[in-house]
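Enquirer: Next input, structure requested:
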Amino acid sequence: MTEPVIALTKALIAERSISPDDKNCQKMIIDRLKPLGFVIEEVNIGKTKNLWAYHGNGKTLMFAGHTDVVPAGDESKWSYPPFEPTIDENGVLYGRGAADMKSGVAAMVCAAESFVKKYPNHTGRVAFLLTSDEEAEATDGTIKVVDLLIKRQEKIDYCIVGEPSSDSVLGDQIKNGRRGSLTANLVVHGIQGHVAYPHLADNPVHKFAPALNELVTTVWDNGNEYFPQTTMQIANINGGTGAENVVPGDLSVQFNFRYSSELTDEMIKAKVDAILRKHNLNYTLKWRLSGQPFLTPQGELTDAATSAIKTFTQLDSKLSTSGGTSDGRFIAKLGCQVIEFGVLNKTIHKVNENVNCQDVVTLQAIYIDILERLLLA
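Expert: Residues are numbered from 1 along each chain as shown. Okay, here's the model as predicted:
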């Protein structure tokens, strides 16, 4: 397939841009946007490259995404080298970042190119916010650019995050919100000793067990019409020295909450503390908030997206808040309508990550249609 959007996708995949190393991805995009008259601003922080670019004035539709990827892992397990983009006989493009989200970035850029060339004096503003710091720490990327835009009082009306949001077929699902993410790093303190003399030790594993049972069996909420119920999952747990005859002195437990808008992070923290205190534990607890829940109700952006998807796929898209976090959690702070819409997510972060080339071409067409509906109306 020789469409420009596929050529750009392949060129981006060929860059080994493991987070936060952008390699040449954003330069490639700048070289395409600048000749069209886009205002280009590189906001680079530490090892992270960020791009803020726009064309036109007025009501703004911003495309957002990332140029970084996760490591490929054991490359010998891939059918094709992960950074040598390969299209098979079925029109499927393989490579790290094919779905998450270099095809989405390519579709955004090519859609903007087509729109600006067709409507050079268009009303409204087409903008981009791209980062190379989404897959790893996410500390010097979108969150920092959003803070800068807020400080400047930039008005963003709509944002499309090009993350792979589709489930079974392109367009079956739009993400119009995400649950919050809150991680607890807990250390339960005991007294190390010999297993043969338990009266001289204090086993933190034994003491924590009842509290653990209460944490995992608690119904934190029942969700609501937009969000599924809050979930709590143990991610890591470790205690002991590795010796079979030693009572551990400490037990380390890490657990994560994916929470609905029925709760706040402070409510969760308070309830966890209450459970731990109830079981008379000696503990140290540190929290990391990855993102607050956000929601874009049905409105102009969701209507434009569902109509455009219907035009090109004949599907009635459903709105969903399922899945993990994305940079949409930072962008929501701008007060704009935010959705995530992109290709299928079934192979992201996996060996043999891939995307259907026709889906990428269709995605570009859908993006153009959304631009026309929102900025030319």
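
Enquirer: Using CSV, write down the CA coordinates of stretch 309-317.
Expert: Extracted in CSV, the C-alpha atoms of stretch 309-317 (Å, rounded to 0.1, in the frame of the first residue of the first chain):
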residue,chain,number,x,y,z
ILE,A,309,-17.2,7.1,11.9
LYS,A,310,-20.7,6.1,10.7
THR,A,311,-20.0,7.7,7.3
PHE,A,312,-16.8,5.6,6.7
THR,A,313,-17.5,2.4,8.6
GLN,A,314,-21.3,2.2,8.8
LEU,A,315,-20.8,1.5,12.5
ASP,A,316,-22.6,3.0,15.5
SER,A,317,-19.7,3.7,17.9
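
Enquirer: Show me which positions of stretch 301-320 end up buried.
Expert: Neighbour counts over stretch 301-320 (16 or more other C-beta atoms under 10 Å) mark Leu301, Thr302, Ala304, Ala305, Thr306, Ala308, Ile309, Phe312, Thr313, Ser317, Leu319, Ser320 as buried. For every residue, glycine as well, the C-beta is placed using N, CA and C.

Enquirer: same deal with stretch 321-332?
Expert: Thr321, Gly323, Thr325, Ser326, Asp327, Gly328, Arg329, Phe330, Ile331, Ala332.

Enquirer: coming back round to it: now the two most distant members of the buried residues of stretch 301-320.
Expert: Across the buried residues of stretch 301-320, the longest distance by C-beta to C-beta is 19.5 Å; it joins Phe312 and Ser320.

Enquirer: about what we covered before: including distance to Arg152 and pLDDT, could the buried residues of stretch 301-320 go into JSON lines?
Expert: Shown next, in JSON lines, are the buried residues of stretch 301-320 (distance: C-beta to C-beta, whole Å; pLDDT from 0 to 100):
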{"residue": "Leu301", "distance to Arg152": "22", "pLDDT": "98"}
{"residue": "Thr302", "distance to Arg152": "27", "pLDDT": "97"}
{"residue": "Ala304", "distance to Arg152": "26", "pLDDT": "98"}
{"residue": "Ala305", "distance to Arg152": "27", "pLDDT": "98"}
{"residue": "Thr306", "distance to Arg152": "32", "pLDDT": "98"}
{"residue": "Ala308", "distance to Arg152": "30", "pLDDT": "98"}
{"residue": "Ile309", "distance to Arg152": "33", "pLDDT": "98"}
{"residue": "Phe312", "distance to Arg152": "35", "pLDDT": "98"}
{"residue": "Thr313", "distance to Arg152": "37", "pLDDT": "98"}
{"residue": "Ser317", "distance to Arg152": "33", "pLDDT": "96"}
{"residue": "Leu319", "distance to Arg152": "31", "pLDDT": "94"}
{"residue": "Ser320", "distance to Arg152": "32", "pLDDT": "92"}
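
Enquirer: In the sheet, which residues pair with Tyr283? Tell me.
Expert: Taking DSSP bridges as the rule, Tyr283 bridges to Val188.

Enquirer: Surely it is in contact with Gly190, unless I've mixed up the numbering?
Expert: No: taking contacts as C-beta atoms under 8 Å, Tyr283 lies outside contact range of Gly190: 10.1 Å.

Enquirer: hmm, back to that, make a markdown table from the buried residues of stretch 301-320 and add secondary structure and distance to Asp147 to it.
Expert: Listed next are these as a markdown table, based on DSSP: H, G, I helix; E, B strand; the rest coil; distance: C-beta to C-beta, whole Å:
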| residue | secondary structure | distance to Asp147 |
| --- | --- | --- |
| Leu301 | helix | 23 |
| Thr302 | helix | 26 |
| Ala304 | helix | 28 |
| Ala305 | helix | 27 |
| Thr306 | helix | 31 |
| Ala308 | helix | 31 |
| Ile309 | helix | 32 |
| Phe312 | helix | 36 |
| Thr313 | helix | 36 |
| Ser317 | coil | 32 |
| Leu319 | strand | 28 |
| Ser320 | strand | 28 |
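
Enquirer: which residue is nearest the middle of this structure?
Expert: Nearest to the geometric centre of the chain sits Ser326, at 2.2 Å (C-alpha atoms, centre = their mean).

Enquirer: residue boundaries of the helices in this structure?
Expert: With DSSP state H as the criterion, the chain has helices at 4-13, 25-33, 103-118, 142-151, 204-217, 265-278, 300-313, 328-331, 357-375.

Enquirer: Pro248 is nearest to which of these?
Expert: Short answer: helix 204-217, nearest of the helices of the chain by C-beta to C-beta, at 6.3 Å.

Enquirer: list the buried ones in that closest one?
Expert: Buried residues in helix 204-217 (16+ other C-beta under 10 Å): Pro204, Val205, Lys207, Phe208, Ala211, Leu212, Leu215.

Enquirer: Looking at those, spot the one nearest Thr347.
Expert: Closest to Thr347, out of all of the buried residues of helix 204-217 and judged by C-beta to C-beta, is Leu215, at 33.2 Å.

Enquirer: how much space between the closest one and Ile156?
Expert: Per C-beta to C-beta, to the nearest Å, Leu215 is found 39 Å from Ile156.

Enquirer: swap in Ile331?
Expert: From Ile331 to Ile156 the distance is 8 Å (C-beta to C-beta).
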